[in-house]
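> structure for the following, please:
(one chain, ligands or ions: 1)
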Amino acid sequence: MLHAFTLVVEAAVLYCVWLFIRGYVIPSTLRNIPGPKRASLLTGNLSIMFSPQGIPWHLSMSRVFGKAFKINGWFGDEQLYVTDPLALHHIVIKDQHIYEETSMFIHGNRMSFGHGLLGALGDTHRKQRKILNPVFSNAQMRNLAPIFYSLSQQLCDRLERTIDTLEFTEVNMRPWLSKISLEIIGEAGFGYSFGSFGGADRGNNYRAHVKDYGRVIASLALPRFFLPFFTAIGSPGFLRMLLNLTPSRRLHKLRDIVDAMDKTCVGIYEDRKKEVGDGEDRQDIISVLLRANQAAEAKDRLSDEELRGQINTLVFAGSDTTLSALSRVLHLLALHPDVQSKLRAEVVQARRDNAGDDLDYDVIAGLPYLDAITRETLRLHSPVTFLSRTTRADISLPLSKPILSTSGHPISAVPLKNNTNVIIGIAAANRDKDMWGEDADEWKPERWLNEDGSVRVTATKDADGERFPGVYSGMMTFLGGSRACIGFKFSQLEFKVVVSMLLERFEFQLPVGKEIGWRNSVVTAPILKGEFDGAAQLPLMVRFIKRDGI
Ligand code: HEM
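All right, here's what the predicted structure looks like:
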């Protein structure tokens, strides 16, 4: 066994030598593309890109180097960072089959979450989307809305009990928002309670495992680049043996967390499958998916492994992202008390107009000021700041406007070799001044409102008529094309229900003597300013207000 381990270490060293030769000796097609200086011979610009302090770097680089520039990855590997609208259209829509998820992303997700959407490529991915897309339709969101309201009510009741006064009290809102985002994905996603508002997590510790997974995986961001090498050299059984031999406590912890989550998922899946088989009319995503799968033609049906893989996929794709968005909007509303009051007036009035009842999906989705705030928050502060893709063939990437090479020649299409990494600059595209205007860096919900007070939903275009290919009014927040966020309507409903319920009951102010900053991780998270490596937290002053008090 030890012999096999030594051989693998030797192979890994050879792999690094090959990467080094590829990066520094073999000329790449990106050699004459300008970009920031590499910060390290080993990790290029990756350390800053993936670092907690990385947000300003992502926002400023395309202002300095333009909408397509070069960065360096491991061992001098040259990659293209893109915010050009035409190029992004080619990457996520027109030539999406060439610009696929990176092998690291796919293998990592498959090993962690099983064979769900985040671990699928090509035809397998298309087949999964075909059956999953209708499960996230507006009709399905209408059915799920009561679950969102009921859980948000529980959040507000619990929060009210901890405040217990009409005075402002400092509350770290982060754990509260974490609870609600996890409970909503659990109950609405697959009929499972993590026990955040009481009751047991069915003794599974699923919640603790989910949180630990996030922490451990964030600490392995750079070493994860070597995952494709390991998955290429042996079977899952062989890799398991290697993992057991590796003297890394973090990797062992990750293995144990993944095993525990997988065991819980099997239990949840078997429960839903039995209930659906017994004819129970459950509305959670997995139960609806199981029914759709039964009704589908045999060629379109997903396997048990693929169906089960969607559970952990939903948890990881759908909880920290919405947690980030909810944290952000509370921070912004505390920074802008006038906007907070105006929004509260809108949601309180809407409930009054509805005889005090919870609003239907279509009513809450159509509240203009709430919608404008949702859009503007998700534009300016996209929870996911960037994504990577890898070319699966040689291809030329057209640009909407030429860039200048290092020798000053115009380039209107960038040739890319097979296996080149391309970075989609989500946050930077969402702040492109050509697209959003000179005030692109400002939070202005009004930019989404027409003169008659209705919301502008069409995609924003630049002066040349170019637009980003994002599914959400041209923003890149949820991406576009066939790998766009499938939970995009789900997340907006969740955002709107939670924010409106919180505002009806509470008022939020900034904390005294503390400044909130934001760090980059897999998704962005609030911290106390200066504590980039500290735990995520959102301390706000919170005051209970009477239900009818505006
Ligand atoms: C504000 C909240 C959210 C944001 C900003 C967000 C953003 C994104 C982005 C950028 C992607 C593309 C990832 C990639 O291509 O590598 C994605 C994919 C995905 N999202 Fe979301 N998401 C959010 C909420 C949700 C929710 C609530 C769910 C589930 C209910 C969800 C489920 C998924 C799934 C399953 C995928 C993979 C889609 C595929 O590969 O076909 N997301 N999301």
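
> quick one: buried residues of the one helix or strand residue 499 maps to?
Element membership for residue 499 (DSSP states H and E) is helix 488-505. Neighbour counts using 16 or more other Cβ atoms under 10 Å place 488-505 of helix 488-505 among the buried residues. All C-beta atoms are positioned from the backbone trio N, CA, C, and that covers glycine.

> ok, which of those residues also contact the ligand?
490-491 (Cβ under 6 Å from any ligand atom).

> with only the CA atoms kept, save the helix holding residue 499 in PDB.
C-alpha atoms of helix 488-505 as PDB (Å, rounded to 0.1, in the frame of the first residue of the first chain):
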ATOM      1  CA  PHE A 488     -33.300  31.600  -9.800                       C
ATOM      2  CA  LYS A 489     -37.100  32.000  -9.300                       C
ATOM      3  CA  PHE A 490     -36.900  30.000  -6.100                       C
ATOM      4  CA  SER A 491     -34.200  32.300  -4.700                       C
ATOM      5  CA  GLN A 492     -36.100  35.500  -5.600                       C
ATOM      6  CA  LEU A 493     -39.200  34.200  -4.000                       C
ATOM      7  CA  GLU A 494     -37.200  33.300  -0.900                       C
ATOM      8  CA  PHE A 495     -35.500  36.700  -0.900                       C
ATOM      9  CA  LYS A 496     -38.700  38.600  -1.200                       C
ATOM     10  CA  VAL A 497     -40.700  36.600   1.400                       C
ATOM     11  CA  VAL A 498     -38.000  36.700   4.000                       C
ATOM     12  CA  VAL A 499     -37.200  40.400   3.500                       C
ATOM     13  CA  SER A 500     -40.800  41.500   3.500                       C
ATOM     14  CA  MET A 501     -41.700  39.500   6.600                       C
ATOM     15  CA  LEU A 502     -38.600  40.800   8.500                       C
ATOM     16  CA  LEU A 503     -39.400  44.400   7.600                       C
ATOM     17  CA  GLU A 504     -43.000  44.100   8.700                       C
ATOM     18  CA  ARG A 505     -41.900  43.200  12.200                       C
END
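
> mind listing what the residue in the stretch 101-250 of the chain that the ligand sits nearest to touches?
For the stretch 101-250 of the chain and the ligand, the shortest gap (Cβ to the nearest ligand atom) falls at residue 117, measuring 4.1 Å. Shown in contact with residue 117 (Cβ atoms under 8 Å, 6 or more residues apart in numbering): 125, 128-129, 132, 310, 313, 317, 486.

> pop the domain breakdown of the chain in here.
As assigned by the TED database, the chain contains the domains 1-113+385-448, 133-382+477-544.

> reformat those domains as a markdown table; add mean pLDDT and distance to residue 471.
Putting the domains of the chain into a markdown table (pLDDT from 0 to 100; distance: least, Cβ to Cβ, whole Å) gives the following:
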| stretch | mean pLDDT | distance to residue 471 |
| --- | --- | --- |
| domain 1-113+385-448 | 91 | 10 |
| domain 133-382+477-544 | 92 | 5 |
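
> name the single longest helix found in the chain.
helix 249-277 (DSSP state H).

> now the element after it, going C-ward?
helix 285-295.

> so which residues on this structure come close to the ligand?
Checking the chain against the ligand by Cβ under 6 Å from any ligand atom, the hits are 101, 117-118, 129, 313-314, 317-318, 321-322, 325, 383-384, 387, 477-479, 483, 485-487, 490-491.

> just the ones of these in strands?
Those of the residues of the chain next to the ligand mapping onto strands are residue 387, per DSSP state E.

> which of the residues of the chain next to the ligand count as buried?
By 16+ other Cβ under 10 Å, the residues of the chain next to the ligand give 101, 117-118, 313-314, 317-318, 321-322, 325, 383-384, 387, 477-479, 483, 485-487, 490-491 as buried.

> which of the residues you listed fall in helices?
Going by DSSP H, the helices hold 313-314, 317-318, 321-322, 325, 490-491 from those.

> contacts for stretch 352-371 next, please.
138, 141-142, 145-146, 149, 342-343, 346-347, 350-351, 445, 448-449, 453-455, 492-493, 496-497, 499-500, 548.

> nearest to the ligand: which residue in the chain?
residue 487 (2.1 Å).

> doesn't residue 466 belong to a helix?
No - according to DSSP: H, G, I helix; E, B strand; the rest coil, the state of residue 466 is coil, so it is not within a helix.

> quick one, strands of the stretch 51-200 of the chain?
Along the stretch 51-200 of the chain, counting by DSSP state E, counting those that start in this stretch, strands occupy 68-72, 78-82, 99-100, 169-172.

> show me what the third one packs onto, helices and strands only.
Read it as strand 99-100. Counting contacts by 3 or more Cβ pairs under 8 Å, 6 or more residues apart in numbering; DSSP states H and E, strand 99-100 is packed against strand 387-391.

> what's downstream of the strand it packs on, the next helix or strand?
strand 395-404.

> so what touches the helix or strand just after that following strand?
Moving toward the C-terminus from strand 395-404, the next helix or strand (DSSP H and E) is strand 410-416. The contact list for strand 410-416 (Cβ under 8 Å, 6+ apart) reads 29-30, 32-33, 68, 80, 87, 391, 394-399, 401-405, 422.

> likewise for stretch 54-67?
34-36, 48-49, 69, 71, 81-84, 87, 385-386, 399-401, 403-404, 425, 427-428, 431-433, 518-520, 524.

> for the nearest residue to the residue of the chain closest to the ligand once chain neighbours are set aside, what are its contacts?
Spatial nearest neighbour of residue 487, excluding adjacent residues (Cβ to Cβ, 6 or more residues apart in numbering): residue 318 at 5.0 Å. By Cβ under 8 Å, 6+ apart, the contact set of residue 318 is 181, 185, 189, 487, 490-491.

> closest one of the residues you listed to residue 166?
residue 181 (27.9 Å; Cβ to Cβ).
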